[in-house]
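# build me a model:
(one chain, ligands or ions: 1)
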Amino acid sequence: MSFQNQYLAEVMDKVIARNPGEPEFHQAVQEVLESLEPVIAKHPEYITCGVIDSIVEPERIIKFRVPWVDDQGKVQINRGFRIQFNSAIGPYKGGLRFHPSVYEGIIKFLGFEQIFKNALTGLPIGGGKGGSDFDPKGKSDMEVMRFCQSFMTELAKYIGADTDVPAGDIGVGGREIGYLFGQYKRLRDEFTGVLTGKGLTYGGSLARTEATGYGLCYFADAMLRDHGSSFEGKTVVISGSGNVAIYAAEKAAVLGAKVVTMSDSNGYVYDPDGIDVALVKDIKEVRRARIKEYVVARPKAEYHEGCKGVWTVKCDIALPCATQNEIDEESAKILLANGVQAVAEGANMPSTPEAIHAFQKAGILFAPAKASNAGGVATSALEMSQNSMRYSWTFEEVDAKLHDIMVNIYHNASAAAKEYGMEGNLVAGANIAGFLKVAEAMKAHGVV
Ligand code: NDP
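Sure thing, here's the model as predicted:
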């Protein structure tokens, strides 16, 4: 889509020129700017005060060498990143991703999305993201520990409980957060809530592990109910078998659905009787094995090589929970031809723009990641509150707050879409509602 507003077109051109070779970042910015057309028409002051030019430029980019020694005694060098994108409404907040595909453009796209997502939670957190091209897969615990310690030795200079609070993402779970936290505490000699997703014995919040997946289902449930439907009796296809996917599968089943697939980057499993979530937890969380192990214990289930095939399985609801751009136009059309009624994004930017267009054109319910996967970061912010108070809420208390936050996000995104003449378009609604909150704060701060 091209822009009607000349100013937005110029901002987009500048983003592409200044950030060459970073298509994921361009894609994320393009989607937000497209949503802002009606906002600019109503609020031309955002042009004068420069908030749109500013919001697409990170406040700070930190890039560093991460040297570590592998089990064979060989020195390995990785790259570390932290992008502190926007602190208008609170300290930078966003995960760390350890995956070989990580480069500056991936972290920039994720950090940019995080600004709006964090604003949507209603909690005081700015946007940031970080990570490394380190691949934890196949590494021993000691190698992961040495890497995390080296990574934190540099990162510690730039973060803090009131400055920038990282968390997990792809490849960064409880084990990695533990090693990172231990090294930070040692370097700084302080016990603060500098990271979230911590273990329960040292300041973690109950329900943080479950939060993104559960929150995704709470959001999808609110969206379905608003349209006279629910999870009850529905067939659900889920991609991924990591943190988000596992807890989305668990909650979808509790809400009455049958989840029939899960995947990893090698292939997917189809279980006509419904996925056994306890078995997936054992394979992925305890044994750290591949999803194809699933069929060894469940002979009626099938394993198929190639993760894209997961979208050919007939379903009512699709929850992409693996990675960016995993649903392309072709997969979207297959889902639609098979009668999908709702797609809710658990991963960040899992649908390509062409796929989103196909879903919207077909008039099905579509929940964009910024809104529907905000439960993880929202619960991270609740972890920060508990750390500041030096107090812990019960699982039920945190889960109830998460539920309310997700239902509120749905209603706020839905209301913003309606107010700006795009009723039912939650992509636009989420972008607009998130943007307005941050833009007002930026405007109030002056030129900074
Ligand atoms: P995990 O590392 O726990 O799991 C990721 C899953 O996705 C694994 O099954 C992995 O398979 C699969 N996957 C990763 N990369 C690819 C790829 N290129 N192609 C196909 N499959 C892939 O990560 P999370 O569950 O934490 O994160 C999943 C998504 O959710 C990401 O987009 C993340 O940014 C987003 N997210 C996560 C939040 C959280 O709280 N954890 C919060 C909000 C968003 P394999 O094991 O083969 O790599």
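# not counting its neighbours along the chain, what's nearest E285?
Nearest residue to E285, sequence neighbours excluded (Cβ to Cβ, 6 or more residues apart in numbering): I246, at 7.4 Å. C-beta: built from backbone N, CA, C; applies to glycine.
# residues of the helix or strand containing the one you found that come out buried?
According to DSSP states H and E, I246 maps onto helix 243-254. With burial defined by 16 or more other Cβ atoms under 10 Å, the residues of helix 243-254 counted as buried are 243-253.
# from these, which are also near the ligand?
Filtering the buried residues of helix 243-254 for neighbours of the ligand using Cβ under 6 Å from any ligand atom leaves 243-245.
# on that earlier part again, closest to T235 out of the buried residues of helix 243-254?
Of all the buried residues of helix 243-254, T235 sits closest to A252, with 10.1 Å by Cβ to Cβ.
# residue ranges with poor pLDDT in the chain?
Along the chain, the parts satisfying pLDDT under 70 run over 1.
# residues of it that sit close to the ligand?
Residues of the chain lying near the ligand (Cβ under 6 Å from any ligand atom): 168-171, 212, 240-245, 264-266, 307, 321-323, 346-348, 373, 376.
# which among the residues you listed end up buried?
Buried members of the residues of the chain next to the ligand, counted by 16+ other Cβ under 10 Å: 168-171, 212, 240-245, 264, 307, 321-323, 346-348, 373, 376.
# among these, which are located in helices?
Counting by DSSP state H, the part of those found in helices is 212, 243-245, 376.
# break the chain down into its structural domains.
Split into domains by automatic domain parsing, the chain comes to 6-55, 60-191, 211-372.
# a markdown table please, covering those domains and showing distance to E423.
Formatted as a markdown table, these follow (distance: least, Cβ to Cβ, whole Å):
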| stretch | distance to E423 |
| --- | --- |
| domain 6-55 | 12 |
| domain 60-191 | 18 |
| domain 211-372 | 12 |
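# hang on, the earlier thing: could you say what helices and strands the helix holding I246 packs with?
On a contact count with 3 or more Cβ pairs under 8 Å, 6 or more residues apart in numbering; DSSP states H and E, helix 243-254 meets helix 208-226, strand 235-239, strand 258-263, helix 277-281, strand 317-320.
# would you pull up the residue in the stretch 101-250 of the chain closest to the ligand?
G242 (1.7 Å; Cβ to the nearest ligand atom).
# and that residue, what does it touch?
The contact partners of G242, taken as Cβ atoms under 8 Å, 6 or more residues apart in numbering, are 170, 284, 321-322.
# same thing with I47?
By Cβ under 8 Å, 6+ apart, the contact list for I47 reads 7, 40.
# wait, a helix at it?
Yes. The assignment for I47 is a helix, going by DSSP: H, G, I helix; E, B strand; the rest coil.
# is I327 in a bridge, and if so with what?
For I327, the beta-bridge partners are S351 (DSSP bridges).
# E326 against A318, yeah?
No. Judged on Cβ atoms under 8 Å, E326 makes no contact with A318 at a distance of 10.7 Å.
# so which of these two has more stuff around it?
It is A318, of E326 and A318, that has more neighbours when counted by other Cβ atoms under 10 Å, with 30 against 24.
# of the ones next to the ligand among the buried residues of helix 243-254, closest to V398?
Among those, and counting by Cβ to Cβ, the member closest to V398 is N243, at 16.2 Å.
# quick check: phi and psi at the residue lying closest to that closest one once chain neighbours are set aside.
The shortest distance from N243 to any residue other than its chain neighbours is 6.2 Å, reached at G173 (Cβ to Cβ, 6+ apart). Main-chain torsions, G173, degrees, to the nearest 10: phi -120, psi -160.
# any idea how many residues pack against G173?
19.
# same question, T201
7.
# please enumerate the strands of this structure.
In the chain, the strands defined using DSSP state E lie at 60-69, 75-86, 92-98, 126-132, 164-167, 235-239, 258-263, 267-270, 302-305, 317-320, 342-344, 365-367.
# list the buried residues of the second one.
This points to strand 75-86. Under the neighbour-count criterion of 16+ other Cβ under 10 Å, strand 75-86 has 76, 78, 80-86 buried.
# could you list every helix and strand in contact with it?
strand 60-69, strand 92-98, helix 104-120, strand 126-132, helix 141-155, strand 164-167.
# need the ones you listed in CSV (columns: mean neighbour count).
CSV is the format used below for these (neighbours: other Cβ atoms under 10 Å):
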stretch, mean neighbour count
strand 60-69, 15
strand 92-98, 28
helix 104-120, 26
strand 126-132, 29
helix 141-155, 20
strand 164-167, 25
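# fine by me, thanks again.
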